[in-house]
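S.K.: okay, predicted coordinates and the sequence, questions at the end:
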Amino acid sequence: MNQEEKIKYLLEEIYNNSNFNFDKSPYPEVTLTYAQTLDGFISGMPNTPPLLISGKESMLMTHCLRNKNDAIMIGIGTLLNDNPQLNVRQLSGFNNGGDVRNPQPVILDTKLRFPLNCKLLNNYKEYKLNVEQKINGYEKLTEIKPPIIFVAEGLYDLKKAKILKDYGIKINEIKCNGSQLDISKVLEILKSTYNIRNVMVEGGAQVIRSFLMNSQIIQHIIITIGPLYIGNGVKALGFGDIEKNSLPHLEHVQSLTLGQDIIVIGKPTMS
Ligand SMILES: NC(=O)C1=CN([C@@H]2O[C@H](COP(=O)(O)OP(=O)(O)OC[C@H]3O[C@@H](n4cnc5c(N)ncnc54)[C@H](OP(=O)(O)O)[C@@H]3O)[C@@H](O)[C@H]2O)C=CC1
Ligand SMILES: Nc1nc(O)c(N)c(N[C@@H]2O[C@H](COP(=O)(O)O)[C@@H](O)[C@H]2O)n1
């Protein structure tokens with residue numbers, strides 16, 4: 001088995017041994033995953049270039065996880081800072097007719113700050129154009145699914161939403177009482193409207209915090225620890241203290257090394 005096959009096998013084991021019952025749950029199966037430094041940071045200071053924490057082997061694991069999940073969720077903070085692609089381009093066979101798939105991107109974006117020139121939109125537009133115009137080799141392209149954006153009712157620009165919808169982007173309005181979107185509602189819609197069976201939540205800090213504070217909706221946590229210190233930056237849980245009792249601990253813990261990185265895998269529990 002090569003490295004990619006070994007990682008895929010490891011992930012199969014994790015998901016096959018999950019006692020998650022999709023039919024009985026109002027939500028998809030949720031995996032929270034991120035990479036952090038030895039001093040607990042997931043990135044440098046806000047508005048600085050993206051920080052590479054994962055080595056090539058654990059980045060391959062991230063792409064295998066993306067391949068395994070129907071959807072990948074990030075907050076608008078990550079989109080604005082990193083301009084990510086959220087695809088599986090590191091897997092063998094990508095764009096060469098291989099048996100791999102991209103997850104559908106999901107963005108939490110109350111005020112629709114989604115930039116009209118971001119890679120997520122450009123990649124989707126380019127893919128659609130290739131398929132619609134049957135451009136040479138289009139049959140072998142790995143499908144790119146349209147991003148799904150969650151916005152708050154009354155807080156976003158309807159004209160911008162119309163432009164995005166015309167490109168094929170899915171926009172879902174949620175009633176929002178507080179300052180952030182209700183992640184339970186978001187997950188319910190992903191399951192009921194989009195038939196999303198499993199979702200990996202990649203971050204950033206505020207999204208990780210929201211999920212960990214509602215850890216009953218998470219089935220798996222997979223953390224990559226890269227062997228570096230950076231001194232300051234954005235902590236995995238963002239800024240501001242949290243009551244210790246609101247956070248879970250892990251059970252059924254496994255750990256392994258991939259390259260120079262340590263991977264910690266477990267199930268969150270409050271008990
Ligand atoms: N190392 C790693 O694995 C990863 C690192 N990162 C890093 O994280 C940093 C970004 O983190 P951060 O700035 O916290 O941004 P986030 O990606 O967590 O996005 C936060 C924003 O999402 C919107 N939002 C809407 N609803 C919710 C909700 N229920 N919970 C949380 N957020 C919600 C809010 O914006 P609004 O009010 O406008 O809707 C909020 O400000 C970047 O530097 C990036 O590099 C990101 C992913 C993985
Ligand atoms: N697994 C992992 N390791 C790191 O070191 C990271 N910085 C991240 N970041 C996440 O990956 C996104 C970038 O994705 P693309 O390479 O553009 O597909 C970034 O936005 C974070 O979500 N992840």
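M.R.: Thanks, I have it. Ligands and ions are numbered 1, 2, ... in the order given.
S.K.: distance check, Val253 against Asn87.
M.R.: Here the distance between Val253 and Asn87 works out to 30 Å (CB to CB, to the nearest Å). From N, CA and C alone the C-beta is placed, and that goes for glycine too.
S.K.: which one of those two is surrounded by more residues?
M.R.: Higher neighbour count among Val253 and Asn87: Asn87, with 23 against 11, using other CB atoms under 10 Å.
S.K.: anything in the helix or strand of the chain at the bottom of the mean pLDDT ranking near ligand 2?
M.R.: Ranked by mean pLDDT, DSSP states H and E, the helix or strand of the chain with the weakest confidence is helix 3-16, at a mean of 92. No. Helix 3-16 lies apart from ligand 2 when judged by CB under 6 Å from any ligand atom; the minimum separation is 12.6 Å.
S.K.: chain center to that helix, what's the gap?
M.R.: 18 Å (CA atoms, centre = their mean, to the nearest Å).
S.K.: after that helix comes which helix or strand?
M.R.: If you walk from helix 3-16 toward the C-terminus, the next helix or strand you reach (DSSP states H and E) is strand 29-36.
S.K.: and that following strand, what does it pack onto?
M.R.: Taking 3 or more CB pairs under 8 Å, 6 or more residues apart in numbering; DSSP states H and E as contact, the helices and strands that strand 29-36 lies on are strand 41-43, helix 56-68, strand 198-203, helix 205-212, strand 220-225.
S.K.: which element is Leu38 on?
M.R.: Taking DSSP H and E as the criterion, no element holds Leu38; it sits outside all helices and strands.
S.K.: give me the pLDDT for the residue sitting furthest away from the middle of the chain.
M.R.: Counting by CA atoms, centre = their mean, the extreme residue of the chain relative to its mean C-alpha position is Asn136, 31.1 Å from that point. Among the per-residue scores, Asn136 shows a pLDDT of 92.
S.K.: any idea how far it is from Asn130?
M.R.: Using CB to CB, one obtains 9 Å as the distance from Asn136 to Asn130.
S.K.: same question for Ile53.
M.R.: According to CB to CB, Ile53 and Asn130 sit 33 Å apart.
S.K.: kindly report the same for Lys8.
M.R.: In this structure, Lys8 and Asn130 are 27 Å apart, going by CB to CB.
S.K.: cool, Ile221 as well?
M.R.: Summarising the geometry, the distance separating Ile221 from Asn130, computed by CB to CB, is 37 Å.
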